[in-house]
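**Q** I would like the atomic coordinates for the input below:
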Amino acid sequence: MTRPRALGTLALGLAAVVWGAVLLGGALHAAFATRPVAAVASAAVESATGTELTVTPSRGTRLVAELDIATPSVQEAPVGETPRWHARYRIPLGYTVRDGAGDVMLREDVAVDWRDDSDDMSGRLRQSSLDEQDARVDADGGTLTATAVFRRFEAPADGRLRLAVTRGADETYGAQVTAVRYRVEHDLGLHAAAVAGGVFALVAGWVAAVVGFVALLLGDHAPPAAGAALPVLDEADAARVRWLACGCHLAALLGYLLPFGNVVGPLALWLAARDRHAYVDEQGREAVNFQLTMLAWYLLAFALVLALVGLVMLPALAVFQFVMIVIAALRAHDGEAWRYPLTVRFVR
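**A** Numbering: from 1, shown residues only. Predicted coordinates:
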């Protein structure tokens, strides 16, 4: 790769990294930023029927219920030697969302209830998320505030909503709701596209930046032409050349100690010894290309962790990388022209 092309690849990679960081940062800010709220009810009422609201048109909207709860039922949480107690409650709640014309957009019957990891969740209705604050609980019961966030839906084009909420009694644990506050959060963006684009830009950017940086370090160095005459080596020199080639592969194990050491190790040894012999130059270049390829695969696997695919890819890649390094080192020590499988030859 020529110097101008290497500089262009490096600059493009860094620009992609910055753009990916901006996309992800914007998505995170949008996910956690305070959203506009349309009030529904703020009293210990059992229902809010036919409340009319105006929200941001054609944007994400969701109902949030904040309940102050007093309960006589608790369960001991075995944490260390000090007994701790968790309040138990199960508050049935139903809500119906209609558009301005009165057509039903969303209807759900859910339960705002405590979460026990040992519970069998099959067949139970739950809200999308639950947060507990200000819990004061002992062996005789306690109080807390539970905030439940329900399913997100898209507001109609005119932004007009009619919301009906009903709340039932806790017939399971006998908990009482002393106050309830409903609100509708709106103007919620869809962040999946920004997250996906940001992750892709970060992955592609890091790979391009590393490739450009390595190519820039190499300059315009070209390997010896095929078939070029090589100096005649005695047995001691031949052994030294094989060990240097072997070392280029084994230097990748530095990645277990230092970040990016799997690339830096082979690259440094190759740059220092590539002029010793064409065989060292060839095997060092092959080692660097393999580690750059593995870096690209690792970044892709990290990007796919949220889709669970990455959780399978990461250990598989680690085993494959270690096995290939060992095989390459042994073959290089024997003087074979080893070529890694599934490798992109970034540096030629």
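**Q** report the secondary structure state of T147.
**A** Following DSSP: H, G, I helix; E, B strand; the rest coil, the label given to T147 is strand.
**Q** quick one: the strands in the chain?
**A** Remark: strands assigned in the chain by DSSP state E are 37-42, 47-54, 60-71, 74-77, 84-87, 90-99, 104-113, 129-138, 141-149, 153-154, 160-167, 176-188.
**Q** quick check: mean pLDDT across the third one?
**A** If I follow you right, that is strand 60-71. The average pLDDT for strand 60-71 rounds to 92.
**Q** check the second one too.
**A** Mean pLDDT, computed over strand 47-54, is 71.
**Q** and the last one, by the same measure?
**A** Averaged over strand 176-188, pLDDT sits at 88.
**Q** what angle separates that strand from strand 160-167?
**A** Angle, strand 176-188 to strand 160-167, by axes from the mean of the first three to the mean of the last three C-alpha atoms, to 10 degrees: 160 degrees.
**Q** before we move on, the earlier item: same list (the strands of the chain) but as TSV, adding mean neighbour count and distance to V288.
**A** Where C-beta positions appear, they are placed from N, C-alpha and C, glycine not excepted. Below are those laid out as TSV (neighbours: other C-beta atoms under 10 Å; distance: least, C-beta to C-beta, whole Å):
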stretch	mean neighbour count	distance to V288
strand 37-42	16	55
strand 47-54	14	61
strand 60-71	21	47
strand 74-77	14	53
strand 84-87	18	54
strand 90-99	20	58
strand 104-113	17	56
strand 129-138	12	47
strand 141-149	19	49
strand 153-154	15	50
strand 160-167	20	60
strand 176-188	18	46
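**Q** looking at those strands, which is closest to P259?
**A** For these, the distance to P259 is smallest for strand 129-138, at 34.7 Å, taking C-beta to C-beta.
**Q** list the strands paired with that closest one, with their directions.
**A** Strand 129-138 has these partner strands in its sheet, going by DSSP bridges: strand 141-149 (antiparallel).
**Q** can you dump the C-alpha atoms of the partner strand in PDB for me?
**A** The C-alpha coordinates for strand 141-149 follow below in PDB (Å, rounded to 0.1, in the frame of the first residue of the first chain):
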ATOM      1  CA  GLY A 141     -43.900  -5.300  56.200                       C
ATOM      2  CA  GLY A 142     -43.000  -1.900  54.700                       C
ATOM      3  CA  THR A 143     -43.500   0.800  52.200                       C
ATOM      4  CA  LEU A 144     -42.000   1.700  48.900                       C
ATOM      5  CA  THR A 145     -42.600   3.500  45.600                       C
ATOM      6  CA  ALA A 146     -42.800   1.300  42.500                       C
ATOM      7  CA  THR A 147     -42.400   2.900  39.000                       C
ATOM      8  CA  ALA A 148     -43.700   0.700  36.200                       C
ATOM      9  CA  VAL A 149     -43.000   1.600  32.500                       C
END
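**Q** could you tell me the angle between that strand and strand 90-99?
**A** Using the same axes, to 10 degrees: strand 141-149 against strand 90-99 is 20 degrees.
**Q** how far does strand 141-149 sit from the chain's center?
**A** 30 Å (C-alpha atoms, centre = their mean, to the nearest Å).
**Q** by mean pLDDT, flag the weakest helix or strand of this structure.
**A** When the helices and strands of the chain are scored by mean pLDDT, DSSP states H and E, strand 37-42 comes last with a mean of 56.
**Q** low-confidence bits of this structure, can you list those?
**A** Applying pLDDT under 70 to the chain flags residues 1-2, 30-50, 78-82, 116-128, 190-192, 214-236, 306-309.
**Q** go again with 80.
**A** 1-7, 9-10, 17, 24-50, 77-83, 115-128, 188-237, 302-312, 347-348 (pLDDT under 80).
**Q** can you mark which positions in the helix of greatest length in the chain are buried?
**A** When the chain is parsed with DSSP state H, its longest helix is helix 3-32. Using 16 or more other C-beta atoms under 10 Å as the test for burial, helix 3-32 gives 6, 9-10, 13-14, 16-17, 20, 23-24, 27.
**Q** what is the nearest of the residues you listed to P156?
**A** Of these, the one sitting nearest to P156 (C-beta to C-beta) turns out to be A27, at 25.3 Å.
**Q** so the closest one is in contact with A21, correct?
**A** No. Between A27 and A21 there is no contact under C-beta atoms under 8 Å: 10.8 Å.
**Q** shared neighbours, those two?
**A** Taking C-beta atoms under 8 Å, 6 or more residues apart in numbering as the contact criterion, the residues that touch both A27 and A21 are G198.
**Q** quick one: contacts of stretch 98-108?
**A** So stretch 98-108 is in contact with 94-97, 150-151, 153, 156, 158, 160-164, going by C-beta under 8 Å, 6+ apart.
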